[in-house]
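# quick one: sequence and predicted model below, then my questions.
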Amino acid sequence: MSETAPSRDDELLKFVEQFAFVLVDAGMARMPARVFAYVLADDAEKYTANELAEGLQVSPAAISGAVRALVQGGLLAKEREPGSRADHYRIYDDDVWSHIMMQRLPLLSRYETILEHGIERIGPGQGANRLAETLDYIRFTREEFTQMQKRWQQRRAEKFGDGTTKRSEVGQQTDR
């Protein structure tokens, strides 16, 4: 008896589960992680909750909370087409990973502020030295991240143009 090759849908769902597992390890809840991984990897530009449920082989109720969390987190955008009663969901920003990372910059600024206050209050000593080194690391990270974002935007423009590159073309453009 010969085995048939897995279908593209089977391979897509395997990838979704694997990537969702990594996102869960990074702190994302399981169902939002699955939805986000699916929307990233599938070919459609936007989805209804029913389409997501069908694609992930789950109930629409399971999708509801997941898309709400992803919209609130700025990863998905919710839209409604004129004349339609169904909400549609799409990746919030074509440059989604840059968007995700840029959301972290205010946190780095908060770290800097609290560390500066801690150094002032604690005064000289080993603890203040550790705080000063931590502050320097946070500042370095923020500065490097800002420069990295600029380099990424340049690289992205060179590799993907205006960001509308079709996913089927991406594998041909990436250097591995």
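Received the coordinates, thanks.
# how does the chain divide into domains?
For the chain, automatic domain parsing gives the domain ranges 8-92, 98-162.
# most tightly surrounded among those domains?
Comparing the domains of the chain by mean neighbour count (mean count of other CB atoms under 10 Å), domain 8-92 ranks first with a mean of 16. No exception for glycine: its C-beta is placed from N, CA and C like everyone else's.
# chain center to that one: distance?
Domain 8-92 has its C-alpha centroid displaced from the chain centroid by 12 Å (CA atoms, centre = their mean, to the nearest Å).
# mind starting the numbering at 347 from now?
In the new count, where the first residue is 347, that last one comes out as domain 354-438.
# before we move on, the earlier item: redo the domains of the chain as CSV? Include mean pLDDT.
Output for the domains of the chain, formatted as CSV (pLDDT from 0 to 100):
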stretch, mean pLDDT
domain 354-438, 93
domain 444-508, 91
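# pairing partners for Tyr435 in the sheet, please.
On the basis of DSSP bridges, Tyr435 is bridged to Tyr393, Lys424.
# roughly how far does it sit from Gln403?
Distance of Tyr435 to Gln403, computed by CB to CB, to the nearest Å: 17 Å.
# Glu425 too?
24 Å.
# and Gly419, by the same measure?
In this view, Gly419 and Gln403 are 24 Å apart by CB to CB.
# secondary structure element for Arg485, which one?
Taking DSSP states H and E as the criterion, Arg485 maps to helix 472-506.
# how far does that helix sit from the chain's center?
That offset, for helix 472-506, works out to 19 Å (CA atoms, centre = their mean).
# out of everything not next to it in sequence, what's closest to Thr487?
Leu454 (6.5 Å; CB to CB, 6 or more residues apart in numbering).
# what's the answer for Trp498, then?
Going by CB to CB, 6+ apart, Trp498 has Ser444 as its nearest residue, at 6.0 Å.
# name the SS class of the one you found, please.
helix (DSSP: H, G, I helix; E, B strand; the rest coil).
# so who does it touch?
Ser444 sits next to 495, 498-499, 502 when contact means CB atoms under 8 Å, 6 or more residues apart in numbering.
# ok, 10 Å please
By CB atoms under 10 Å, 6 or more residues apart in numbering, Ser444 lies in contact with 494-495, 498-499, 502.
# same thing with Ala407?
So Ala407 contacts 395, 399 (CB under 10 Å, 6+ apart).
# quick check: the gap between it and Ile465.
Separation of Ala407 from Ile465 (CB to CB) stands at 50 Å.
# swap in Val404?
Taking CB to CB, one finds Val404 at 50 Å from Ile465.
# mind telling me what element the nearest residue to Arg380 once chain neighbours are set aside is part of?
In this structure, Arg380 finds its nearest non-sequential neighbour in Ala366, 4.4 Å apart by CB to CB, 6+ apart. Under the criterion of DSSP H and E, Ala366 resides in helix 354-371.
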